[in-house]
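Undergrad: Okay, here's the prediction I keep looking at, along with the sequence it came from:
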Amino acid sequence: MPVISALMSVYNGAEFIAATIESILAQTYTDFELIIVNDGSIDQTRQVIENFNDDRIRLFNFEQNQGIGPALTLGLSKVRGEYIAKVDSDDISLPTRFEEEIKYLQENPEIDLVGSFMEYFPHNEEVRMSQRYHYCKEVIEKELNSVVSWLEMREKLYWFCAINHPNMMGKTEVIKKVGYLDVPVGTDYHLFYNLNKLGHKMANIPKVLVKMRVIDSSITATKKDKFFKDVLYRIKKEEIRNLFTGKELNFIWGSGIMGQQLLTALTNDGLLETVHGFIDSDLTKTGKIVMDKTIYSPKILEETKEGQKAKVIIASQPGKLEIAARLENMGYKHLEDYLVYY
């Protein structure tokens, strides 16, 4: 049996999947199988895969598109390796990726899952010049490459998806404990978040081992919006309910789209009345009303009654690190007094 099972799902990936497969077949560590679940593609994806003549490739096909959750669940049921390495169908794994990740796991047996640093690259010149690509490079890439040790990871996974799914390798028995949620986006964060809650240790190798392709922005933006609307609250519901009990002054820090989506989710969960209002660092918004809730300046946290702490959910993605540091300086404790929505 192979030591590593590389796991990939793909839908209409004919344009890029050959380069991805080639990067896996070129790995310096060769004792692996590559499980590919073709999720009902209607382009030439299946034909591209079948053109490869390598018995390490095991292809499974859905006749109709079922979504990433069911596709990865099927793939997970087929793995034979002791370790699982996730692969995305449009990214490039550097040749030593498997070698370095399995070495790390074998030399650090207390770690159950490891990722690595990553690097975005543009599909074409138009993407290279786009605002979204610059945001990916200057914000998201730096954020994903900011967490290394398992101690850092233990806290930051409550904040955001601090392990990049296409980079990760983990113990098969551990990954199967949680598996993949049947949702169109967010399956990776659900996996890592819940493994973290179960006490499994995860870390990142501080070296770029995967390059991630940035393509057309519209699909990615739609998926991200759906993630915040439908999936993120579901993942963090237990922690949110424990924080917003209704007995304190409860605030959402961030009155923009993410904060408004969080308020909608709280409303749907019957927690609207627990929210006193928004906080926003942009003082020009102070006193305005959004979704029937007043926007306050951060000074409101200093004006609570003596001995009373407000509870805060940070829903301001670009500024979350600075806001969390500010709260910590005020004596706020993560998960007890505040949490980061994303």
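TA: Received it, and whenever you're ready, just let me know what you need.

Undergrad: which residues in the stretch 201-342 of the chain form helices?
TA: 217-226, 232-243, 257-268, 320-329 (DSSP state H, counting those that start in this stretch).

Undergrad: How many residues are close by residue 289?
TA: 11 (other CB atoms under 10 Å). From N, CA and C alone the C-beta is placed, and that goes for glycine too.

Undergrad: Identify the bridge partners of it.
TA: residue 294 (DSSP bridges).

Undergrad: That one against residue 277, yeah?
TA: No: checked against CB atoms under 8 Å, the pair residue 289 and residue 277 is beyond contact range at 9.1 Å.

Undergrad: and for the two, which residues touch both?
TA: residue 295 (CB atoms under 8 Å, 6 or more residues apart in numbering).

Undergrad: for the stretch 1-150 of the chain, what spans make up the strands?
TA: Here the stretch 1-150 of the chain has its strands, by DSSP state E, counting those that start in this stretch, at 4-10, 32-39, 57-62, 83-86, 92-93, 111-122.

Undergrad: which stretch among those comes nearest residue 214?
TA: Closest of the strands of the stretch 1-150 of the chain to residue 214 is strand 111-122, at 5.3 Å (criterion: CB to CB).

Undergrad: Alpha carbons only: can I get that closest one in PDB?
TA: Extracted C-alpha coordinates of strand 111-122, given in PDB (Å, rounded to 0.1, in the frame of the first residue of the first chain):
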ATOM      1  CA  ILE A 111       1.700  16.800  15.000                       C
ATOM      2  CA  ASP A 112      -1.200  15.300  13.200                       C
ATOM      3  CA  LEU A 113      -1.500  17.600  10.200                       C
ATOM      4  CA  VAL A 114       1.000  20.000   8.600                       C
ATOM      5  CA  GLY A 115       0.800  22.700   5.900                       C
ATOM      6  CA  SER A 116       3.300  25.000   4.400                       C
ATOM      7  CA  PHE A 117       3.800  28.500   3.200                       C
ATOM      8  CA  MET A 118       2.200  29.300  -0.100                       C
ATOM      9  CA  GLU A 119       2.600  31.700  -3.000                       C
ATOM     10  CA  TYR A 120       0.000  33.100  -5.300                       C
ATOM     11  CA  PHE A 121       0.700  33.400  -9.000                       C
ATOM     12  CA  PRO A 122      -1.500  35.000 -11.700                       C
END
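
Undergrad: where do the helices sit along the stretch 1-150 of the chain?
TA: 17-25, 45-50, 68-78, 97-107, 125-128, 131-135, 141-144, 150-156.

Undergrad: out of those, which comes closest to residue 3?
TA: helix 97-107 (7.0 Å).

Undergrad: starting at the chain centroid, how far to that closest one?
TA: 22 Å (CA atoms, centre = their mean, to the nearest Å).

Undergrad: buried sites along that helix?
TA: Applying a neighbour-count criterion of 16 or more other CB atoms under 10 Å, the buried positions in helix 97-107 are 97, 98, 100, 101, 102, 104, 105.

Undergrad: And for residue 92, the neighbour number?
TA: 20.
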